[in-house]
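Peer 1: need a structure here:
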Amino acid sequence: MRNERNLFTVFALLAFANSAAYIIFAELSIDLLGGQVSGTSLLMMKYYGAIALGSAVVIWLLRNSKDQKTVQAMVIGIFISMLLSTIFGVYGSWNQWFPNFDWLFILIDSTLTLWSGYLFLTKFSKN
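Peer 2: The predicted model follows:
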């Protein structure tokens, strides 16, 4: 359970940092990502920040769970969200939608994808 707890802690902290940046510093975040600031982009940035904040809180509060089904669901949820985030990040990078820091985000997302996928395959596929 230690590996899962480490994954949950890292994910929750990254999601919280992400949400704080996107909610509090939405305009700056859009600029850093190379986007155009508009009413729509500000709304979407804050919307994504709110979702990230919710994920951070849920994962943080459940990170010490001893219930095998809860832990398994959290690992699968992280795997799916990070896999899709990696795919969309690569697609966006290829299309030059956000030219700044794109590969840093892809590296973080793909690392979390591999970590959660490894945990799922090695610990939960036997059950």
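Peer 1: which helices and strands does the lengthiest helix in the chain pack with?
Peer 2: When the chain is parsed with DSSP state H, its longest helix is helix 68-94. Secondary-structure packing of helix 68-94 (3 or more C-beta pairs under 8 Å, 6 or more residues apart in numbering; DSSP states H and E): helix 2-24, helix 39-62, helix 102-119. Glycine gets a C-beta too; all of them are placed from N, C-alpha and C.
Peer 1: Which positions in the shortest one come out as buried?
Peer 2: I take that to be helix 102-119. Neighbour counts over helix 102-119 (16 or more other C-beta atoms under 10 Å) mark 102, 105-106, 108-110, 112-113, 115-117, 119 as buried.
Peer 1: same question, the second one
Peer 2: With burial defined by 16+ other C-beta under 10 Å, the residues of helix 39-62 counted as buried are 41, 45-46, 48-49, 52-53, 55-56, 59-60.
Peer 1: Kindly report the same for stretch 117-127.
Peer 2: Across stretch 117-127, burial judged by 16+ other C-beta under 10 Å covers 117, 119-120, 123-124.
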